[in-house]
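Undergrad: Need coordinates for the below:
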Amino acid sequence: METATVHSPLEAFVRDYVDVTGGVWDEIEPQVYDLLLPAEGAGAETARSVDGREIVRVAFDPEAIPEHPAAQLVSFGTPLMDRLFADAMQRGRFARMHIVGLNLAPHDLAGRMHRAFAMPADARLHVERVRPLSFPQAIFWLQGTFVSDQKEQEIVPIALDLHYGRQVRHLDALLDHARLSETPALPLLEARHMSLASAYPLAREQALRTVTAMANARHRQQSDHTERQIARMNRYYADLLHELQEQVQRATDRGDDPGKFAGRREALEREEKVRVAELRQKSTLHVQVRLLNVLVIQQAKLLIQAMVRTDKRDVEPLELVWDPLTESLEAALCPQCQRPTFAFARTRLGQLACPDCVSSTPVPGKPSRR
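TA: Presented below is the predicted three-dimensional model:
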């Protein structure tokens, strides 16, 4: 019985990259390949070409290089892989996928609604209409670059529901490869949603909070490190000045002119100031944030047109959304402030609203406090 070959993530990426870009790969032996790549993807170290495309031999195992001296060793950080990663990132700056395999017929939807939302004692939720729609979810990958005496990069993914403009917390579930498809399972109309151009500032604002926290942590560490370096440098120059002072004292005791040491003292003090200034400048943290990739995932959800009914009041409409991916109802919008909420109450004016709006609504006929 043959055992399936297990390829490393880097090896699997190269094979997939060649397939996607229209190239050809040939496995000469385990972890040794001949790759047919576009000329700009292969680099300058190749000698053969076919129709303007370059053939390059690569090895993922260092021990294979002696047997294949013309092969390039492939690993993270090598020029060839840097070029392939950059090209793959450029090709994948925007993509659109669909989530399939979702259950759009949940059991006891009305009962789930009553359990999910807290309503006034005299109010009841009634389902009027349920409609499946495609809800776009946008995932923005932003890169934070931190540059001081060294350069570090962090990638921050932010997922937004474009229907509400809210941040999506279940990112792993959205990116489950087992559910993603290039074609939808059902042809559905899209729910109303904001544009990517309108969503990007929201995603960037969320990412900046994370990047700011990272920058503050790095700044504290860098500041502590810099202060320790400056303290060591100050002690070093203090020792030099102390030795200089001893030389001045010995010269004075011998009756020599100590003025010849004045220039040396000034040079040491000036050098200390310059070195400290260089350390502080070198340790200054610079932060840059840029957008890398955007993925729009179309997900089927249920748009529920519900009515809030009481015995004494007219019905009030309430729009709800059932998410089959998380198998839960999403927070509804407060009719007054448009903030998400799972609890509703009556204001002093008799309007349906969230608890925050209820507590801030003025009593009729009573002037509000300023």
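Undergrad: For the closest residue to Ala343 other than its chain neighbours, give its distance to Leu208.
TA: In space, and not counting its chain neighbours, Ala343 is closest to Ala118: 4.2 Å by CB to CB, 6 or more residues apart in numbering. Every C-beta, even on glycine, is put in place using the N, C-alpha and C of the backbone. Going from Ala118 to Leu208 by CB to CB, to the nearest Å gives 34 Å.
Undergrad: Which one's more surrounded, those two?
TA: Leu208 (17 against 12; other CB atoms under 10 Å).
Undergrad: residue ranges with poor pLDDT in the chain?
TA: Flagging of the chain using pLDDT under 70 yields the residue ranges 1-5, 39-53, 258, 312-314, 361-370.
Undergrad: hmm, what's the outermost residue in it?
TA: Gly255 (71.6 Å; CA atoms, centre = their mean).
Undergrad: measure His242 to Thr252 for me?
TA: 16 Å.
Undergrad: Help me confirm that Glu128 comes into contact with Arg309.
TA: No - under the criterion of CB atoms under 8 Å, Glu128 makes no contact with Arg309, lying 10.2 Å away.
Undergrad: Spatially central residue in this structure, please.
TA: Val156 (1.6 Å).
Undergrad: Specify the beta-bridge partners of that residue.
TA: Listed by DSSP bridges, the beta-bridge partners for Val156 are Leu142.
Undergrad: Hmm, Glu330 is touching Thr341, no?
TA: No - counting by CB under 8 Å, Glu330 stays clear of Thr341, with 10.9 Å between them.
Undergrad: Need the phi and psi values for Leu295.
TA: Backbone geometry at Leu295, expressed as degrees, to the nearest 10, gives phi -130, psi 120.
Undergrad: Determine the number of other residues adjacent to it.
TA: 20.
Undergrad: From Leu174, how far off is the closest residue to it other than its chain neighbours?
TA: Nearest in space to Leu295, with sequence neighbours left out and distances taken as CB to CB, 6+ apart, is Ile139 at 4.5 Å. When distance is defined by CB to CB, Ile139 is 7 Å away from Leu174.
Undergrad: what's the overlap in contacts for these two?
TA: Overlap of the contact sets of Ile139 and Leu174 (by CB atoms under 8 Å, 6 or more residues apart in numbering) consists of Ala159, Ile297.
Undergrad: re earlier: now for the residue nearest to the centre of the chain: which residues touch it?
TA: Counting by CB under 8 Å, 6+ apart, Val156 has contacts Trp141, Leu142, Gln143, Gly144, Ala207, Thr210, Val211.
Undergrad: Which is the succeeding secondary structure element to the lengthiest helix in the chain?
TA: Longest among the helix segments of the chain by residue count, using DSSP state H, is helix 196-254. Scanning forward in sequence from helix 196-254 by DSSP states H and E, the next helix or strand is helix 262-282.
Undergrad: Contacts for that following helix, please.
TA: Ser148, Asp149, Thr226, Gln229, Ile230, Met233, Asn234, Tyr237, Leu240, Leu241, Leu244.
Undergrad: Can you flag the buried ones in those?
TA: Ser148, Thr226, Gln229, Ile230, Tyr237, Leu240 (16 or more other CB atoms under 10 Å).
Undergrad: From Leu295, how far off is the first one?
TA: If I follow you right, that is Ser148. Where Leu295 is concerned, Ser148 sits at a distance of 32 Å (CB to CB).
Undergrad: and what of the fourth one?
TA: The spacing between Ile230 and Leu295, counted by CB to CB, is 46 Å.
Undergrad: Next: the last one.
TA: As defined by CB to CB, Leu240 lies at a distance of 59 Å from Leu295.
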